[in-house]
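**Q** Sequence and computational prediction follow.
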Amino acid sequence: MPIMLAPVGQKVKIVAMSLDAEVKKRLTDIGVAVGADVEVISNSGGNLVLDVLGVRVALNRDVAMKIRVA
């Protein structure tokens, strides 16, 4: 399922990212990568806030819809 649909407060594992190479590299550099465990902190106004290794990362809706989690 897209990470955008994960409930707030739930920890999920990233299983796939369907993004262009530049965006994928930028996210991977900050810890948002396939295999990473992340927690959804907030989902409001079309934006998503994740906790990745203790750091909060904000994603817009378009990017979040292209990240699949389990």
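**A** That came through fine.
**Q** drop to CA atoms for contacts and neighbour counts, all remaining ones
**A** Noted.
**Q** can you pull the buried residues of stretch 30-47?
**A** Across stretch 30-47, burial judged by 16 or more other C-alpha atoms under 10 Å covers Gly31, Val32, Ala33, Val34, Asp37, Val38, Glu39, Val40, Ile41, Asn43.
**Q** just the residues you listed now: which is nearest Ala21?
**A** Ala33 (12.3 Å; C-alpha to C-alpha).
**Q** Against Ser44, how distant is the closest one?
**A** Counting by C-alpha to C-alpha, to the nearest Å, the gap from Ala33 to Ser44 is 22 Å.
**Q** and if you look at Asp29?
**A** Distance from Asp29 to Ser44, counting by C-alpha to C-alpha: 25 Å.
**Q** Check Leu5 too.
**A** 12 Å.
**Q** same check, this time on Val23
**A** 22 Å.
**Q** ok, now Ile3?
**A** From Ile3 to Ser44 the distance is 13 Å (C-alpha to C-alpha).
**Q** go on, Val8?
**A** 10 Å.
**Q** swap in Pro2?
**A** Counting by C-alpha to C-alpha - Pro2 and Ser44 are separated by 15 Å.
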